[in-house]
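**Student:** Next one to model:
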Amino acid sequence: MKILFIDPVFGISGDMMISALIDAGVPFEDLEGILSAIPDFPGIRPRRLTRGILNGVHLEIGRSARHFSITEMEETIGSLDIHGSIKDDALGMLATIVSAEAKVHGVSRDRVHFHELSHIDTIIDLVSVAYGVGFIDADAVYCGPVPCGSGTIETSHGIIPNPPPVTLEILKGHELVFYPENLELTTPTGAAIVAYYARKQGRVPAFRERARGYGMGTYESSRPDVLRVFVGEAEGPAYDEEVLVIEADIDDMEMEYLGAVTERIRAAGAIDVLHFPVSMKKGRTGVRISITADASRFEHIVETIFAETTTFGIRWRTNFRRILHREEETFTTSYGPVRVKKGFDSSGRMIKIHVEFDDVKAIADAKNIPYREVLEIIKEEIPIRT
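**Tutor:** Residues are numbered from 1 along each chain as shown. Modelled structure (predicted):
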């Protein structure tokens, strides 16, 4: 399986991660073309720096006074002409930061206001990292212990402990290491990258290195201000991943709302949502909602469950899942373009195909013909077979 290993030698920030990915082979020109659509984009320039015997990339971002609200950030990212998975990842990292800010400040998500993070640099960081990690297309992402400074730092909120509470909230569950440096070694954006992509548990497997990149920072310290990434091939099954299973039992809710509620839970970032009847105490019949989710979406999903259902408590556990490597391809049919998902086993052999239901439904509804009829015709027309 293909892995991406993040080695935060002296911390992690958004610009250092982008720099390391560019040094590892992510095409700068393509990235620059994507970012140029951001309003008031100030321009970026990769510059090679040397720290002792280390040589890597330092990404310079042009000066800009442009700031965005959280809603404007979401709208800007959503409007970019990029693959949906890149948007999802960029928005997922942004949501991770927003959830942590809301919890630290004791406010709801819609009352969170960014200060330093409202700058255009945050959008550049999130989109660039999402594009770069997507370009690498690793089956699993690992990260070494995340370095944190000590003492205090000065922010728009005044002097606060180092690392900031929001950074610690984002990194909950990840391994940390503290250095006696009065510097913000890991930023909230850097923490969100780790929390969103990297596995919390499990050692990085032995791998054969295919590419390496160094992202250079500008701090002067006894330690090299460097973030290092490795792209490699490891033996073993791909797509074994750790997930959370979150459950709630309900017996006092109007059942006609259940379908709408499960859709909102999916929108909150759940991988899957199931509901089924259960026998509860005193012989009452109830419904159990079972949600599979990545740990990075836990807080957002739990908030949604409490807001949208009548439950007073939830429970969760760690599970593992294995999925096939998947690719999506669009085919031209007599009904128009139709998306097809292909599944591959660990040897790279295609063993499954699935025609996208939303496309079948749209065609059948527009032509007022049975779904099954559309599906069978499309299956005959697409030029792939398992």
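**Student:** CA atoms for contacts and neighbours, from now on please.
**Tutor:** Fine.
**Student:** Quick one: mean pLDDT for the longest helix seen in the chain?
**Tutor:** Selection of the longest helix in the chain by residue count, based on DSSP state H, yields helix 84-105. For helix 84-105, the mean per-residue pLDDT is 91.
**Student:** contacting residues around the next helix or strand after that helix?
**Tutor:** Once helix 84-105 ends, the next helix or strand along the chain (criterion: DSSP states H and E) is helix 120-136. Defining contact as Cα atoms under 8 Å, 6 or more residues apart in numbering, one finds that helix 120-136 is touched by 4, 14-15, 17-18, 21-22, 26, 31, 35, 41, 61, 64, 66-68, 73, 77, 85-87, 89-91, 93-94, 189, 193, 231.
**Student:** Among those residues, which are located in strands?
**Tutor:** With strands taken from DSSP state E, the overlap with the contacts of helix 120-136 comprises 4, 61, 231.
**Student:** Looking at those residues, which gets the smallest pLDDT?
**Tutor:** By pLDDT, residue 61 ranks lowest within the ones in strands among the contacts of helix 120-136, coming in at 93.
**Student:** right, and that residue touches residue 35 too?
**Tutor:** No - using Cα atoms under 8 Å, residue 61 makes no contact with residue 35, being 11.3 Å away.
**Student:** Need the residues touching each of the two.
**Tutor:** By Cα under 8 Å, 6+ apart, no residue touches both residue 61 and residue 35.
**Student:** hmm, back to that, please convert the buried members of the contacts of helix 120-136 into ChimeraX selection syntax.
**Tutor:** Entered in ChimeraX, the line below selects the buried ones among these, by 16 or more other Cα atoms under 10 Å:
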select :4,14,15,17,18,21,22,26,31,35,41,61,67,68,73,77,86,87,89,90,91,93,94,189,193,231
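**Student:** Domain ranges for the protein, per the record?
**Tutor:** Described in terms of automatic domain parsing, the domain architecture of the chain consists of the residue ranges 2-234, 241-322, 325-381.
**Student:** so which of those is the most packed in?
**Tutor:** Each of the domains of the chain was scored by mean neighbour count; the highest is domain 2-234, a mean of 18, by mean count of other Cα atoms under 10 Å.
**Student:** sorry, back to before: export the longest helix of the chain to PDB, keeping only CA atoms.
**Tutor:** The C-alpha atoms that make up helix 84-105 are tabulated as PDB, following Å, rounded to 0.1, in the frame of the first residue of the first chain:
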ATOM      1  CA  GLY A  84     -14.900  17.300  -5.100                       C
ATOM      2  CA  SER A  85     -12.600  15.300  -2.900                       C
ATOM      3  CA  ILE A  86     -10.200  18.300  -2.600                       C
ATOM      4  CA  LYS A  87     -13.100  20.600  -1.600                       C
ATOM      5  CA  ASP A  88     -14.300  18.000   0.900                       C
ATOM      6  CA  ASP A  89     -10.800  17.700   2.500                       C
ATOM      7  CA  ALA A  90     -10.200  21.500   2.600                       C
ATOM      8  CA  LEU A  91     -13.700  22.000   4.200                       C
ATOM      9  CA  GLY A  92     -13.100  19.100   6.500                       C
ATOM     10  CA  MET A  93      -9.900  20.700   7.900                       C
ATOM     11  CA  LEU A  94     -11.700  24.000   8.200                       C
ATOM     12  CA  ALA A  95     -14.500  22.300  10.100                       C
ATOM     13  CA  THR A  96     -12.000  20.700  12.500                       C
ATOM     14  CA  ILE A  97     -10.600  24.100  13.400                       C
ATOM     15  CA  VAL A  98     -14.100  25.600  13.800                       C
ATOM     16  CA  SER A  99     -15.300  22.800  16.100                       C
ATOM     17  CA  ALA A 100     -12.200  23.200  18.300                       C
ATOM     18  CA  GLU A 101     -12.600  27.000  18.400                       C
ATOM     19  CA  ALA A 102     -16.300  26.600  19.400                       C
ATOM     20  CA  LYS A 103     -15.400  24.100  22.200                       C
ATOM     21  CA  VAL A 104     -12.500  26.200  23.600                       C
ATOM     22  CA  HIS A 105     -14.500  29.400  23.600                       C
END
